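In: Sequence isn't available, so here's the structure alone:
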Ligand code: AMP
(Lines give C-alpha, C1' and ligand atoms only; values in the text may rest on other atoms or scores of the structure.)
Protein backbone atom coordinates (compact mmCIF):
# COMPACT_ATOMS: atom_id res chain seq x y z
CA UNK A 1 0.00 0.00 0.00
CA UNK A 2 1.30 3.44 -0.94
CA UNK A 3 0.26 6.38 1.23
CA UNK A 4 0.23 9.75 -0.49
CA UNK A 5 0.07 13.22 1.06
CA UNK A 6 -2.60 15.10 -0.90
CA UNK A 7 -5.57 13.83 -2.90
CA UNK A 8 -5.82 15.97 -6.05
CA UNK A 9 -5.54 15.00 -9.70
CA UNK A 10 -1.85 14.15 -9.34
CA UNK A 11 -2.81 11.62 -6.67
CA UNK A 12 -5.49 10.23 -8.96
CA UNK A 13 -3.04 9.76 -11.83
CA UNK A 14 -0.38 8.28 -9.51
CA UNK A 15 -2.89 5.71 -8.27
CA UNK A 16 -3.94 4.89 -11.84
CA UNK A 17 -0.28 4.21 -12.67
CA UNK A 18 0.27 2.22 -9.46
CA UNK A 19 -2.58 -0.23 -9.92
CA UNK A 20 -1.17 -2.21 -12.91
CA UNK A 21 2.09 -2.59 -10.95
CA UNK A 22 0.18 -4.27 -8.13
CA UNK A 23 -0.11 -1.32 -5.71
CA UNK A 24 -3.11 0.38 -4.18
CA UNK A 25 -2.98 3.93 -2.77
CA UNK A 26 -4.45 5.74 0.21
CA UNK A 27 -4.28 9.50 0.70
CA UNK A 28 -3.99 12.07 3.48
CA UNK A 29 -5.98 15.25 2.99
CA UNK A 30 -8.49 17.21 5.02
CA UNK A 31 -10.53 17.53 1.85
CA UNK A 32 -11.69 13.93 1.61
CA UNK A 33 -13.67 14.33 -1.64
CA UNK A 34 -10.88 15.34 -4.07
CA UNK A 35 -10.15 13.53 -7.38
CA UNK A 36 -8.06 10.80 -5.71
CA UNK A 37 -11.04 9.78 -3.55
CA UNK A 38 -12.32 8.00 -6.70
CA UNK A 39 -9.48 5.49 -6.46
CA UNK A 40 -8.55 5.14 -2.79
CA UNK A 41 -9.51 6.06 0.76
CA UNK A 42 -8.68 9.61 1.85
CA UNK A 43 -7.85 10.07 5.55
CA UNK A 44 -8.14 13.50 7.19
CA UNK A 45 -5.08 14.61 9.19
CA UNK A 46 -6.92 13.74 12.42
CA UNK A 47 -6.57 10.09 11.28
CA UNK A 48 -2.87 10.33 10.51
CA UNK A 49 -2.05 7.34 12.76
CA UNK A 50 -4.43 5.07 10.86
CA UNK A 51 -3.06 6.37 7.53
CA UNK A 52 0.45 5.47 8.74
CA UNK A 53 -0.57 1.98 9.87
CA UNK A 54 -2.08 1.27 6.44
CA UNK A 55 0.92 2.15 4.28
CA UNK A 56 4.18 0.39 3.40
CA UNK A 57 5.64 3.31 1.43
CA UNK A 58 4.78 7.02 1.64
CA UNK A 59 5.04 9.75 -0.97
CA UNK A 60 3.37 13.02 -1.86
CA UNK A 61 1.57 14.84 -4.60
CA UNK A 62 1.90 18.34 -3.21
CA UNK A 63 4.94 20.08 -1.82
CA UNK A 64 3.32 21.85 1.09
CA UNK A 65 3.04 18.62 3.02
CA UNK A 66 3.27 19.38 6.79
CA UNK A 67 6.90 18.76 7.73
CA UNK A 68 6.14 17.36 11.20
CA UNK A 69 3.98 14.61 9.70
CA UNK A 70 6.47 13.98 6.90
CA UNK A 71 9.25 13.69 9.49
CA UNK A 72 7.38 10.94 11.34
CA UNK A 73 7.25 8.86 8.17
CA UNK A 74 10.86 9.67 7.35
CA UNK A 75 11.85 8.39 10.81
CA UNK A 76 10.23 5.09 9.90
CA UNK A 77 12.30 5.01 6.68
CA UNK A 78 9.31 4.90 4.35
CA UNK A 79 9.02 8.46 2.93
CA UNK A 80 10.19 9.14 -0.65
CA UNK A 81 11.14 11.87 -1.45
CA UNK A 82 12.34 12.87 2.00
CA UNK A 83 12.07 15.90 4.27
CA UNK A 84 15.35 17.41 2.99
CA UNK A 85 13.79 17.93 -0.45
CA UNK A 86 10.54 19.21 1.03
CA UNK A 87 12.34 21.84 3.12
CA UNK A 88 14.03 23.19 0.00
CA UNK A 89 10.90 23.15 -2.14
CA UNK A 90 8.69 24.78 0.52
CA UNK A 91 10.80 27.91 0.86
CA UNK A 92 11.88 30.00 -2.12
CA UNK A 93 14.86 31.44 -0.24
CA UNK A 94 16.25 28.04 0.72
CA UNK A 95 15.56 26.90 -2.84
CA UNK A 96 17.52 29.81 -4.38
CA UNK A 97 20.41 29.30 -1.94
CA UNK A 98 20.50 25.62 -2.80
CA UNK A 99 20.74 26.48 -6.52
CA UNK A 100 23.63 28.83 -5.79
CA UNK A 101 25.44 26.30 -3.60
CA UNK A 102 25.21 23.72 -6.40
CA UNK A 103 26.34 26.16 -9.08
CA UNK A 104 22.95 26.11 -10.81
CA UNK A 105 22.42 29.54 -12.44
CA UNK A 106 19.31 31.25 -11.07
CA UNK A 107 17.56 34.62 -10.90
CA UNK A 108 19.17 37.40 -8.83
CA UNK A 109 17.30 37.65 -5.52
CA UNK A 110 17.11 39.52 -2.22
CA UNK A 111 15.69 38.43 1.14
CA UNK A 112 12.90 40.74 2.35
CA UNK A 113 11.79 40.97 5.98
CA UNK A 114 10.52 44.53 6.18
CA UNK A 115 9.37 47.25 3.78
CA UNK A 116 12.81 48.91 3.89
CA UNK A 117 14.29 45.69 2.54
CA UNK A 118 12.11 46.11 -0.54
CA UNK A 119 13.62 49.54 -1.19
CA UNK A 120 17.08 48.03 -0.75
CA UNK A 121 16.15 45.10 -3.01
CA UNK A 122 15.16 47.50 -5.78
CA UNK A 123 18.60 49.17 -5.49
CA UNK A 124 20.48 45.86 -5.47
CA UNK A 125 18.66 43.90 -8.19
CA UNK A 126 17.02 46.74 -10.10
CA UNK A 127 13.49 47.24 -11.41
CA UNK A 128 11.27 45.66 -12.49
CA UNK A 129 11.41 42.93 -9.85
CA UNK A 130 9.03 40.18 -8.84
CA UNK A 131 8.17 40.06 -5.15
CA UNK A 132 6.98 36.66 -3.94
CA UNK A 133 5.99 35.10 -0.65
CA UNK A 134 8.73 32.63 0.27
CA UNK A 135 6.14 29.99 1.15
CA UNK A 136 2.81 28.72 -0.09
CA UNK A 137 2.50 30.47 -3.49
CA UNK A 138 1.23 28.53 -6.49
CA UNK A 139 -0.12 29.27 -9.97
CA UNK A 140 1.27 32.82 -9.75
CA UNK A 141 -0.49 33.55 -6.44
CA UNK A 142 1.46 35.41 -3.75
CA UNK A 143 3.38 37.46 -6.33
CA UNK A 144 3.60 41.14 -7.18
CA UNK A 145 5.54 42.70 -10.03
CA UNK A 146 7.15 45.93 -8.84
CA UNK A 147 7.65 48.05 -11.94
CA UNK A 148 8.52 51.41 -10.38
CA UNK A 149 9.44 52.64 -6.90
CA UNK A 150 5.79 53.71 -6.47
CA UNK A 151 4.70 50.05 -6.46
CA UNK A 152 6.83 49.13 -3.45
CA UNK A 153 4.32 50.22 -0.84
CA UNK A 154 1.47 48.40 -2.56
CA UNK A 155 3.57 45.22 -2.90
CA UNK A 156 4.39 45.32 0.80
CA UNK A 157 0.81 45.90 1.89
CA UNK A 158 -0.47 43.12 -0.35
CA UNK A 159 2.12 40.47 0.51
CA UNK A 160 4.18 41.54 3.50
CA UNK A 161 1.71 41.06 6.32
CA UNK A 162 1.65 37.29 6.61
CA UNK A 163 4.85 35.92 5.19
CA UNK A 164 8.53 36.55 4.66
CA UNK A 165 9.18 37.64 1.09
CA UNK A 166 11.78 37.27 -1.60
CA UNK A 167 12.43 39.83 -4.33
CA UNK A 168 13.64 38.42 -7.63
CA UNK A 169 15.08 40.21 -10.62
CA UNK A 170 12.49 40.25 -13.42
CA UNK A 171 13.79 37.81 -16.03
CA UNK A 172 13.41 38.79 -19.66
CA UNK A 173 13.10 35.19 -20.80
CA UNK A 174 12.54 33.96 -24.35
CA UNK A 175 10.57 30.97 -23.10
CA UNK A 176 9.82 28.81 -20.07
CA UNK A 177 10.89 25.19 -20.06
CA UNK A 178 10.89 22.39 -17.55
CA UNK A 179 12.86 19.24 -17.04
CA UNK A 180 11.45 16.23 -15.24
CA UNK A 181 13.83 13.70 -13.72
CA UNK A 182 13.37 10.51 -11.77
CA UNK A 183 15.79 8.91 -9.34
CA UNK A 184 15.44 5.41 -7.93
CA UNK A 185 16.27 4.14 -4.47
CA UNK A 186 19.68 2.93 -5.62
CA UNK A 187 20.56 6.23 -7.31
CA UNK A 188 19.51 5.21 -10.84
CA UNK A 189 18.66 8.43 -12.76
CA UNK A 190 16.67 9.19 -15.91
CA UNK A 191 15.04 12.31 -17.32
CA UNK A 192 12.46 13.24 -19.94
CA UNK A 193 13.19 15.69 -22.77
CA UNK A 194 12.90 19.39 -22.00
CA UNK A 195 9.36 20.66 -22.57
CA UNK A 196 8.15 24.17 -23.37
CA UNK A 197 5.51 25.73 -21.12
CA UNK A 198 3.08 28.55 -21.84
CA UNK A 199 1.31 30.33 -19.01
CA UNK A 200 -1.66 32.67 -18.92
CA UNK A 201 -2.32 34.67 -15.77
CA UNK A 202 0.35 32.67 -13.91
CA UNK A 203 -1.39 29.34 -14.66
CA UNK A 204 0.07 26.72 -17.01
CA UNK A 205 -1.97 26.79 -20.20
CA UNK A 206 -0.19 24.30 -22.46
CA UNK A 207 3.04 22.37 -22.91
CA UNK A 208 4.90 21.31 -26.05
CA UNK A 209 6.75 18.02 -25.60
CA UNK A 210 9.52 18.05 -26.60
CA UNK A 211 10.59 21.71 -26.60
CA UNK A 212 12.03 22.69 -29.98
CA UNK A 213 15.75 23.54 -30.31
CA UNK A 214 16.92 21.85 -27.15
CA UNK A 215 20.08 20.17 -28.43
CA UNK A 216 22.33 22.97 -27.16
CA UNK A 217 20.84 23.14 -23.68
CA UNK A 218 19.50 19.73 -22.66
CA UNK A 219 22.83 18.23 -21.63
CA UNK A 220 23.79 20.99 -19.19
CA UNK A 221 20.26 21.17 -17.79
CA UNK A 222 20.17 17.41 -17.21
CA UNK A 223 23.56 17.48 -15.47
CA UNK A 224 22.28 20.22 -13.11
CA UNK A 225 19.11 18.31 -12.37
CA UNK A 226 21.10 15.15 -11.58
CA UNK A 227 23.40 17.08 -9.24
CA UNK A 228 20.38 18.57 -7.48
CA UNK A 229 18.66 15.20 -7.04
CA UNK A 230 21.84 13.62 -5.70
CA UNK A 231 22.33 16.51 -3.27
CA UNK A 232 18.76 16.05 -1.98
CA UNK A 233 19.16 12.23 -1.68
CA UNK A 234 16.06 12.34 -3.82
CA UNK A 235 13.87 9.34 -4.63
CA UNK A 236 10.95 9.80 -7.05
CA UNK A 237 10.10 12.35 -9.73
CA UNK A 238 11.35 15.93 -9.43
CA UNK A 239 10.63 18.84 -11.76
CA UNK A 240 12.96 21.74 -12.44
CA UNK A 241 11.33 24.84 -13.97
CA UNK A 242 13.67 27.07 -15.95
CA UNK A 243 13.72 30.32 -17.87
CA UNK A 244 15.56 30.34 -21.18
CA UNK A 245 17.43 33.62 -21.65
CA UNK A 246 20.09 34.99 -23.98
CA UNK A 247 22.62 34.10 -21.26
CA UNK A 248 21.41 30.49 -20.98
CA UNK A 249 19.01 28.68 -18.65
CA UNK A 250 18.11 30.11 -15.23
CA UNK A 251 16.48 27.88 -12.61
CA UNK A 252 13.17 29.28 -11.38
CA UNK A 253 11.89 26.66 -8.97
CA UNK A 254 11.55 22.97 -8.25
CA UNK A 255 8.52 20.83 -7.61
CA UNK A 256 9.30 17.69 -5.57
CA UNK A 257 6.66 15.67 -7.37
CA UNK A 258 5.06 14.76 -10.66
CA UNK A 259 4.21 17.92 -12.56
CA UNK A 260 1.55 19.36 -14.83
CA UNK A 261 4.16 19.83 -17.58
CA UNK A 262 4.72 16.05 -17.59
CA UNK A 263 1.12 14.93 -18.15
CA UNK A 264 1.81 14.34 -21.87
CA UNK A 265 4.02 11.40 -20.83
CA UNK A 266 0.94 9.22 -20.15
CA UNK A 267 0.41 8.88 -23.91
CA UNK A 268 3.67 10.29 -25.25
CA UNK A 269 6.48 8.45 -23.44
CA UNK A 270 7.43 4.80 -23.03
CA UNK A 271 6.90 5.08 -19.26
CA UNK A 272 4.92 8.01 -17.85
CA UNK A 273 6.12 10.32 -15.07
CA UNK A 274 3.43 8.77 -12.83
CA UNK A 275 4.55 5.19 -13.39
CA UNK A 276 8.18 6.19 -12.99
CA UNK A 277 7.43 7.90 -9.68
CA UNK A 278 5.69 4.77 -8.41
CA UNK A 279 8.54 2.58 -9.66
CA UNK A 280 11.12 4.80 -7.93
CA UNK A 281 9.41 5.04 -4.54
CA UNK A 282 8.67 1.31 -4.42
CA UNK A 283 12.24 0.35 -5.33
CA UNK A 284 11.42 -1.04 -8.78
CA UNK A 285 13.66 -0.49 -11.84
CA UNK A 286 12.91 2.78 -13.65
CA UNK A 287 11.11 2.73 -17.00
CA UNK A 288 12.29 4.37 -20.20
CA UNK A 289 11.74 8.14 -20.34
CA UNK A 290 11.98 8.11 -24.11
CA UNK A 291 9.40 10.14 -25.96
CA UNK A 292 7.30 8.01 -28.34
CA UNK A 293 5.50 10.82 -30.17
CA UNK A 294 5.59 14.59 -29.96
CA UNK A 295 2.58 15.81 -27.98
CA UNK A 296 0.89 18.97 -26.81
CA UNK A 297 -0.76 19.00 -23.38
CA UNK A 298 -3.51 21.55 -22.91
CA UNK A 299 -5.04 22.26 -19.52
CA UNK A 300 -8.80 22.46 -19.18
CA UNK A 301 -9.62 25.40 -16.96
CA UNK A 302 -12.91 26.57 -15.44
CA UNK A 303 -15.42 24.59 -17.55
CA UNK A 304 -15.43 21.16 -19.21
CA UNK A 305 -15.71 21.10 -23.01
CA UNK A 306 -18.28 18.73 -24.55
CA UNK A 307 -16.41 15.39 -24.67
CA UNK A 308 -18.04 14.40 -27.97
CA UNK A 309 -16.70 17.51 -29.74
CA UNK A 310 -13.24 17.05 -28.35
CA UNK A 311 -12.94 13.34 -29.07
CA UNK A 312 -13.84 13.90 -32.73
CA UNK A 313 -10.37 15.41 -33.05
CA UNK A 314 -7.90 12.76 -34.13
CA UNK A 315 -5.23 12.10 -31.51
CA UNK A 316 -6.99 14.03 -28.71
CA UNK A 317 -7.05 12.30 -25.33
CA UNK A 318 -9.27 13.58 -22.55
CA UNK A 319 -8.37 13.46 -18.85
CA UNK A 320 -11.30 14.54 -16.70
CA UNK A 321 -10.38 15.17 -13.05
CA UNK A 322 -13.94 14.91 -11.71
CA UNK A 323 -13.61 18.32 -10.08
CA UNK A 324 -16.40 20.84 -9.96
CA UNK A 325 -16.21 23.73 -12.42
CA UNK A 326 -14.85 27.01 -11.05
CA UNK A 327 -13.20 30.01 -12.70
CA UNK A 328 -9.49 29.41 -13.41
CA UNK A 329 -9.48 25.99 -11.74
CA UNK A 330 -7.56 23.16 -13.42
CA UNK A 331 -10.25 20.53 -13.90
CA UNK A 332 -8.77 18.35 -16.62
CA UNK A 333 -6.29 18.18 -19.45
CA UNK A 334 -6.06 17.13 -23.06
CA UNK A 335 -3.10 15.46 -24.68
CA UNK A 336 -2.90 15.87 -28.43
CA UNK A 337 -0.70 13.13 -29.88
CA UNK A 338 1.59 13.51 -32.87
CA UNK A 339 1.52 17.26 -32.69
CA UNK A 340 4.63 19.39 -32.80
CA UNK A 341 3.81 22.80 -34.15
CA UNK A 342 1.47 25.56 -32.98
CA UNK A 343 -0.02 25.71 -36.51
CA UNK A 344 -1.46 22.18 -36.34
CA UNK A 345 -5.12 22.77 -37.31
CA UNK A 346 -6.26 20.40 -34.57
CA UNK A 347 -5.01 22.93 -32.00
CA UNK A 348 -7.27 25.56 -33.54
CA UNK A 349 -10.16 23.12 -33.26
CA UNK A 350 -9.36 22.54 -29.57
CA UNK A 351 -9.12 26.26 -28.99
CA UNK A 352 -12.62 26.64 -30.41
CA UNK A 353 -13.99 24.11 -27.93
CA UNK A 354 -12.29 25.32 -24.76
CA UNK A 355 -14.02 28.22 -23.01
CA UNK A 356 -10.74 29.89 -21.98
CA UNK A 357 -9.32 29.67 -25.56
CA UNK A 358 -5.58 29.08 -25.00
CA UNK A 359 -3.30 31.15 -27.26
CA UNK A 360 -1.28 28.63 -29.27
P1 LIG B 1 6.41 30.75 -10.12
O2 LIG B 1 5.33 30.54 -9.11
O3 LIG B 1 7.71 31.16 -9.52
O4 LIG B 1 6.57 29.55 -11.03
O5 LIG B 1 5.92 31.95 -11.06
C6 LIG B 1 4.77 31.85 -11.89
C7 LIG B 1 5.05 32.49 -13.24
O8 LIG B 1 5.38 33.89 -13.06
C9 LIG B 1 6.26 31.89 -13.95
O10 LIG B 1 5.89 30.75 -14.67
C11 LIG B 1 6.69 33.06 -14.84
O12 LIG B 1 5.87 33.15 -15.98
C13 LIG B 1 6.43 34.27 -13.97
N14 LIG B 1 7.65 34.63 -13.20
C15 LIG B 1 7.99 34.13 -11.99
N16 LIG B 1 9.16 34.63 -11.56
C17 LIG B 1 9.59 35.48 -12.51
C18 LIG B 1 10.74 36.31 -12.67
N19 LIG B 1 11.68 36.40 -11.72
N20 LIG B 1 10.84 37.06 -13.80
C21 LIG B 1 9.87 37.02 -14.76
N22 LIG B 1 8.76 36.25 -14.68
C23 LIG B 1 8.61 35.49 -13.57
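Out: Perfect, thanks for sending it. Bear in mind the structure is a predicted one, so any value in this text is a computation, not a measurement. Numbers count the residues shown, from 1 in each chain.

In: was I right about residue 211 contacting residue 194?
Out: Yes - counting by C-beta atoms under 8 Å, residue 194 is a contact partner of residue 211 at 4.5 Å. Just so you know, the C-beta spots here come from the backbone N, C-alpha and C atoms, and that holds for glycine as well.

In: Between these two, which is the more surrounded one?
Out: residue 194 (26 against 20; other C-beta atoms under 10 Å).

In: what sits against the more buried one?
Out: Counting by C-beta atoms under 8 Å, 6 or more residues apart in numbering, residue 194 makes contact with 177-179, 210-211, 214, 217-218, 221.

In: which among those residues end up buried?
Out: 177-179, 210-211, 214, 217-218, 221 (16 or more other C-beta atoms under 10 Å).

In: Among these, which lie within helices?
Out: 218, 221 (DSSP state H).

In: Save the buried ones among the contacts of residue 194 as a markdown table, and put in distance to the ligand too.
Out: Putting the buried ones among the contacts of residue 194 into a markdown table (distance: C-beta to the nearest ligand atom, whole Å) gives the following:
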| residue | distance to the ligand |
| --- | --- |
| 177 | 11 |
| 178 | 10 |
| 179 | 14 |
| 210 | 19 |
| 211 | 15 |
| 214 | 18 |
| 217 | 18 |
| 218 | 20 |
| 221 | 16 |
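
In: what do residue 211 and residue 194 both touch?
Out: Common neighbours of residue 211 and residue 194, using C-beta under 8 Å, 6+ apart, are residue 177.

In: Can I get the contacts of residue 194 in a markdown table including distance to residue 332 and pLDDT?
Out: As requested, the contacts of residue 194 are exported to a markdown table (distance: C-beta to C-beta, whole Å; pLDDT from 0 to 100):
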| residue | distance to residue 332 | pLDDT |
| --- | --- | --- |
| 177 | 23 | 98 |
| 178 | 20 | 98 |
| 179 | 24 | 98 |
| 210 | 23 | 98 |
| 211 | 23 | 97 |
| 214 | 28 | 92 |
| 217 | 31 | 94 |
| 218 | 30 | 96 |
| 221 | 29 | 96 |
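
In: Just the closest of those residues to residue 262, please.
Out: Residue 262 has its nearest neighbour among these in residue 178, at 7.9 Å by C-beta to C-beta.

In: Residues contacting stretch 275-292, please?
Out: 2, 14, 17-18, 21, 23, 57, 59, 80, 182-186, 188, 190-193, 209-210, 235-237, 257-258, 265, 268-271.

In: mind listing what's buried in that stretch?
Out: 275-282, 284, 286-287, 289, 291.

In: so residue 289 sits in a strand?
Out: No - under DSSP: H, G, I helix; E, B strand; the rest coil, residue 289 falls outside any strand and is assigned coil.

In: And it, how close does it get to the ligand?
Out: 23 Å (C-beta to the nearest ligand atom, to the nearest Å).

In: ranges for the strands of the stretch 201-350 of the chain?
Out: Ranges of strands in the stretch 201-350 of the chain, per DSSP state E, counting those that start in this stretch, are 203-209, 236-245, 248-255, 295-301, 316-320, 330-337.

In: which of those strands sits most buried?
Out: strand 295-301 (a mean of 26; mean count of other C-beta atoms under 10 Å).

In: interface residues of the stretch 51-200 of the chain facing the ligand?
Out: Neighbours of the ligand within the stretch 51-200 of the chain, by C-beta under 6 Å from any ligand atom: 107, 130, 137, 140, 168, 170-171, 176, 199.

In: let's see 8 Å
Out: Counting by C-beta under 8 Å from any ligand atom, the stretch 51-200 of the chain comes close to the ligand at 92, 107, 129-130, 132, 137-143, 145, 168-173, 176, 197, 199.

In: filter those residues to the buried ones?
Out: 92, 107, 129-130, 132, 137, 142-143, 168-171, 173, 176, 197.

In: Okay, and which of those residues map to strands?
Out: 129-130, 132, 143, 168-169, 176, 197 (DSSP state E).

In: Now for these: which two are most distant?
Out: Maximum distance among these (C-beta to C-beta): 21.9 Å, for 129 and 197.

In: can you name the farthest residue from the center of the chain?
Out: Farthest-out residue of the chain from its mean C-alpha position, per C-alpha atoms, centre = their mean: residue 150, at 33.0 Å.
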